[in-house]
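S.K.: here is my input; please provide its structure:
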Amino acid sequence: MKRRHPFAFLFLTIALCSMAEVITPFPVGDGQRGGSPSSRRGGTSRPKSDSRIHLLHADQLFHDVAKDPEAQILRGHVRFLHDGVVLTCDSACYYERNNSFDAFGNVKMNQGDTLTLTSRVLFYDGSDQLARARYDVVLTHHKSKLYCDSLDYDRLYELGYFFQGGKLVDQDNTLTSEWGEYSPPTREAIFNYNVDLRNPDFTLISDTLHYNTGTSIARIVGPSNIDNGDNHIYSERGSYDTNAGHAFLLDRSIVSNKGTTITGDSLDYLEEGATCRAYHNVVYVDKDNQNMFTGNYILYIDSIGYAEAADSACCIDYSQRDTLYIHADTFKLYTYDIDTDSMWREVRAYNHVRAFRIDMQAVCDSMVYISRDSCLTMYHDPILWQQGQQLLGEEIKAWVNDSTIDSTYVLRQALSVERMDSLSFNQVTGDIMRTYFTDGRMRLSHVQGNVLVKYYPLDDDSLMIGLLHAESSELKLFMGPQKLEKIWMPESEGKLHPLALIPPGQRNLENFQWFDYVRPVDKYDIFVWRPKRSGSELTKSVQHERPKPTLGGGGDGGSKTKPRMAATQ
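M.R.: Here you go, the predicted structure:
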C-alpha cells in the first residue's frame, strides 16, 4: 500500500492539471428567477429523444478513471453531431452512456444556417435535447444577437432562456433585462424585470415586454414608458412598431408632449409628425393654456399644431375662476406661424354649439375663435346670455380678454332683451349693436339703424314707472353698477305709457323672443340640443349687390349726374 499510494497520487495530480481548464463545477437549473427550461416544461415528464450523439473528431481521447470512469476526455478540435446540430469546442467530457457531454473553450453550436450559439462552457443532454451555455454566451439568429452569461436552450421546444441578465441587439434596437426567453421559429422574445429598449430615436423602459426580431414590433404587457425627444408615452398594454415609429396603445394610455397630454381607451400614435388619434373617453389637456378637450375621438398632429375632436366633444377652459364648457359636434384647431413668437391659433366649432359658464351661456350653429385678436364669432341663429340679459342676431362677435368679454358686436337683426319680471322685458333692436363691458358688466350699448326700443324706466326706489316706446336711427345706453344711468338718441319718436295704461299687445317688439327654454342650465346640459320652436328662427336678411354707377346726359349739354345707390335691405 505504501508503494501504490505515491503512484495513485501522481496519476491523479497529472489528470487534474491536464483537465484544469475543462473540469469546473456546473450548476444544473441554477435556481434563478424563471427556472430552467426543463422545470418550466414539466421537468422529467418531458419526452426523451432516442437519437444518439455522434463524436466526429477529437485530437486526443482518454479516460480519467479516478475522476469519472464514465467520461471520455476529449481534447483538440472536438466536434459532435446530434440531430443536425454540429457542436465544436477545445475540449470536452463525453458521456456516451448518458448521451450527453460537457464542452469547454470556444464552444460553438450551429443549427442550420441561421442559428449559432457560442460560449465558454456548455452542457448538452441529447436525450432531453437541452443545452446549458455559460460565460460569454452569444446566441445569433439571422441578424439578431443575444448576449448573456447564462443561457438554457431547449431544442425540443426551440426556446432559449437567460436568467442572469441579457442583451438583445437587433438592427438599431438594443434590449436589456434581467430575465428573458427567445424563440427562433417565431423570432419572438419575452423580457422581464427592468426591461430597457434603446434606439437612436427613442427609449422604452418597461417591466415586461415582448419583442419580435422579424417585424421589430414590441408588444407592451406591463407598465411602460417610451421617450422620444419631447414626446412621452405611458402604456400598460399595446404594441410599438420600432421601424415605423407607430404605436397602438390600450387601457387608458397617455401621450404627452410639451405640456399637452392625451389619454384614451385606445391611442394610435405615429412618430412621424407626432400624430395621435385617440378613441373613447378621450381627455386632451393643454396645461400651458389651461384648457382641455374631451370626447370619444380626438386627433392631434403636434408638428403642425392641428387638433380635431368629435363624438360627444367638449372644450373646457379653466384658466379663470369660473370654468367655461363648450360642446359641438366637431371641433377643429389650427395653428399658424408655429414655432415663432407670433404664433396664433384658430378654433372652429361646427354644428349644435352650446356653451355654459356660471356668468355666461351661448347657443349657435357654428363658432370660430381667433387667438390673434381674441375674437369669438358665432354664426347662424346665435344667442348669448349674461345673467338676465339675452343678445341675438344673425352673427355675434365677442372680443375676449382673459376669458372675460370686453365687447360684443351683433350684425343684422340685433335684439337685446333684459328680463325685469315674468311679463316685463327691456328690449332694443336695430341693424347693428355694439356693447362694451367692464369686469363682466355692461357699461355701454350702441345701436344703429332702424332702432326700436321698449324700455321700463325705474324710479329712485327701483320701481317701474311705465313703458317707454321709442323709434330712432341711433341709440346709446349708458349703464351704471346697478341700473341704466342715461339714454341718448338723436331726433326720435317716443311715448311713455303708465304701467296701468299700457295698450294690449304693446309690451313687446314685433321681433321679440325670449329663448330661456334653449339656454343651457349647467355643464351637462350642453350635450342636450334643444332647437328654437318652429317659426321663431331668424330669416336671414338678403344682401343685395349694389348697382354699378351710371352716367347720364342732361339738357345742359351732357353734364354728369351723381349715381344713386340702392339701399341695403
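
S.K.: so I526, which of the three states?
M.R.: Put simply, I526 is helix when judged by DSSP: H, G, I helix; E, B strand; the rest coil.

S.K.: residues near it, how many?
M.R.: 23 (other C-beta atoms under 10 Å). Any C-beta I mention is one placed from the backbone N, CA and C, and that applies to glycine too.

S.K.: do the same with D365
M.R.: Neighbour tally, D365, other C-beta under 10 Å: 15.

S.K.: tell me which residues touch E395, please.
M.R.: Residues in contact with E395 (C-beta atoms under 8 Å, 6 or more residues apart in numbering) are 377-379, 382, 410-412.

S.K.: separation between G229 and T203?
M.R.: 11 Å (C-beta to C-beta, to the nearest Å).

S.K.: same deal with V368?
M.R.: Distance from V368 to T203, by C-beta to C-beta: 41 Å.

S.K.: of those two, who's got more company?
M.R.: V368 (16 against 13).

S.K.: may I ask which helix or strand encompasses the more buried one?
M.R.: strand 360-370 (DSSP states H and E).

S.K.: now do the strands in the stretch 451-569 of the chain.
M.R.: Listed in chain order, the strands of the stretch 451-569 of the chain (DSSP state E, counting those that start in this stretch) span 467-479, 484-488, 493-497.

S.K.: what lines up beside the longest one in the sheet?
M.R.: Under the criterion DSSP bridges, strand 467-479 sits next to strand 441-455 (antiparallel), strand 484-488 (antiparallel), strand 493-497 (antiparallel) in its sheet.

S.K.: for the ones you listed, give me JSON lines that also has mean neighbour count, mean pLDDT and distance to E96.
M.R.: JSON lines is the format used below for the strands paired with strand 467-479 (neighbours: other C-beta atoms under 10 Å; pLDDT from 0 to 100; distance: least, C-beta to C-beta, whole Å):
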{"stretch": "strand 441-455", "mean neighbour count": "19", "mean pLDDT": "88", "distance to E96": "102"}
{"stretch": "strand 484-488", "mean neighbour count": "13", "mean pLDDT": "80", "distance to E96": "113"}
{"stretch": "strand 493-497", "mean neighbour count": "12", "mean pLDDT": "85", "distance to E96": "123"}
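
S.K.: let me see the contact set for R345.
M.R.: 305, 333-336, 370-371.

S.K.: for L117, same thing?
M.R.: 107-109, 111, 131, 133, 137-140, 151, 153, 160.

S.K.: for K495, same thing?
M.R.: K495 neighbours (C-beta under 8 Å, 6+ apart): 468-470.

S.K.: which of those residues sits closest to W514?
M.R.: For the contacts of K495, the closest approach to W514 (C-beta to C-beta) belongs to H469, at 18.2 Å.

S.K.: let me know the pLDDT of that closest one.
M.R.: Looking at H469, its pLDDT reads 90.

S.K.: quick check: closest non-adjacent residue to it.
M.R.: Of all residues not flanking H469 in the chain, K495 sits nearest, at 5.3 Å (C-beta to C-beta, 6 or more residues apart in numbering).

S.K.: hmm, back to that, let's have the strands of the stretch 451-569 of the chain in a markdown table, adding distance to S256.
M.R.: Listed next are those as a markdown table, based on distance: least, C-beta to C-beta, whole Å:
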| stretch | distance to S256 |
| --- | --- |
| strand 467-479 | 46 |
| strand 484-488 | 51 |
| strand 493-497 | 62 |
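
S.K.: nearest to F515, of those?
M.R.: strand 467-479 (21.3 Å).

S.K.: show me what the closest one is in contact with.
M.R.: So strand 467-479 is contacted by 424, 428, 430, 441-457, 484-497, 499, 502, 506-507 (C-beta under 8 Å, 6+ apart).

S.K.: among the contacts of K495, which one has the most neighbours?
M.R.: H469 (20 neighbours).

S.K.: any idea how far that residue is from S492?
M.R.: H469 is 11 Å from S492, by C-beta to C-beta.

S.K.: ok, Y436 - contacts?
M.R.: Y436 neighbours (C-beta under 8 Å, 6+ apart): 406-407, 442-446.

S.K.: can we see that at 6 Å?
M.R.: 407, 443-444 (C-beta atoms under 6 Å, 6 or more residues apart in numbering).

S.K.: tabulate the residues you listed (TSV), appending distance to T215.
M.R.: Below are the contacts of Y436 laid out as TSV (distance: C-beta to C-beta, whole Å):
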residue	distance to T215
S407	59
R443	67
L444	68
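
S.K.: tell me which of those residues is nearest to V282?
M.R.: S407 (34.6 Å).

S.K.: quick check: which element contains the closest one?
M.R.: Counting by DSSP H and E, S407 is found in strand 404-419.

S.K.: so where do the helices sit in the stretch 1-150 of the chain?
M.R.: Under the criterion DSSP state H, counting those that start in this stretch, helices of the stretch 1-150 of the chain are mapped to 4-18, 37-40.

S.K.: what's the least confident stretch among the ones you listed?
M.R.: helix 4-18 (a mean of 38).

S.K.: end to end, how far does stretch 286-295 reach?
M.R.: 15 Å (C-alpha to C-alpha, to the nearest Å).

S.K.: now, of the contacts of E395, which are buried?
M.R.: Among those, those buried by neighbour count (16 or more other C-beta atoms under 10 Å) are 377-379, 382, 410, 412.

S.K.: ok so, going back, quick one, which of the strands of the stretch 451-569 of the chain gets closest to Y325.
M.R.: Per C-beta to C-beta, nearest to Y325 of those: strand 467-479, 27.6 Å.

S.K.: what's the angle from that closest one to strand 404-419?
M.R.: 170 degrees (axes from the mean of the first three to the mean of the last three C-alpha atoms, to 10 degrees).

S.K.: in strand 467-479, what counts as buried?
M.R.: 467-470, 472, 474-475, 477, 479.

S.K.: now compare these and name the two farthest from each other.
M.R.: Longest span within the buried residues of strand 467-479, C-beta to C-beta: L467 and E474, 21.1 Å.

S.K.: count the residues that sit near E308.
M.R.: For E308, using other C-beta under 10 Å, the count is 19.

S.K.: scratch that, V137
M.R.: 25.

S.K.: what sits against it?
M.R.: 119, 148, 151 are the contacts of V137 under C-beta under 6 Å, 6+ apart.

S.K.: adding pLDDT, write those residues out as TSV.
M.R.: Output for those, formatted as TSV (pLDDT from 0 to 100):
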residue	pLDDT
S119	96
C148	95
L151	95
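
S.K.: could the residues you listed be laid out in JSON lines, adding distance to D196 and neighbour count?
M.R.: Converted to JSON lines, the contacts of V137 look like this (distance: C-beta to C-beta, whole Å; neighbours: other C-beta atoms under 10 Å):
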{"residue": "S119", "distance to D196": "23", "neighbour count": "26"}
{"residue": "C148", "distance to D196": "14", "neighbour count": "26"}
{"residue": "L151", "distance to D196": "19", "neighbour count": "26"}
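
S.K.: right, and S216 touches T242 too?
M.R.: Yes: S216 is in contact with T242 according to C-beta atoms under 6 Å; the separation is 4.7 Å.

S.K.: more neighbours, those two?
M.R.: Neighbours per residue (other C-beta under 10 Å) separate S216 from T242, with T242 holding more: 23 against 19.

S.K.: now the residue sitting nearest the centre point of the chain, which residues is it bridged with?
M.R.: Nearest residue to the geometric centre of the chain (C-alpha atoms, centre = their mean): I262, 3.5 Å. Judged by DSSP bridges, the bridge partners of I262 are V255, Y284.

S.K.: so how far is stretch 331-342 off the chain centroid?
M.R.: 19 Å (C-alpha atoms, centre = their mean, to the nearest Å).

S.K.: before I go, just wanted to say thanks for your time.
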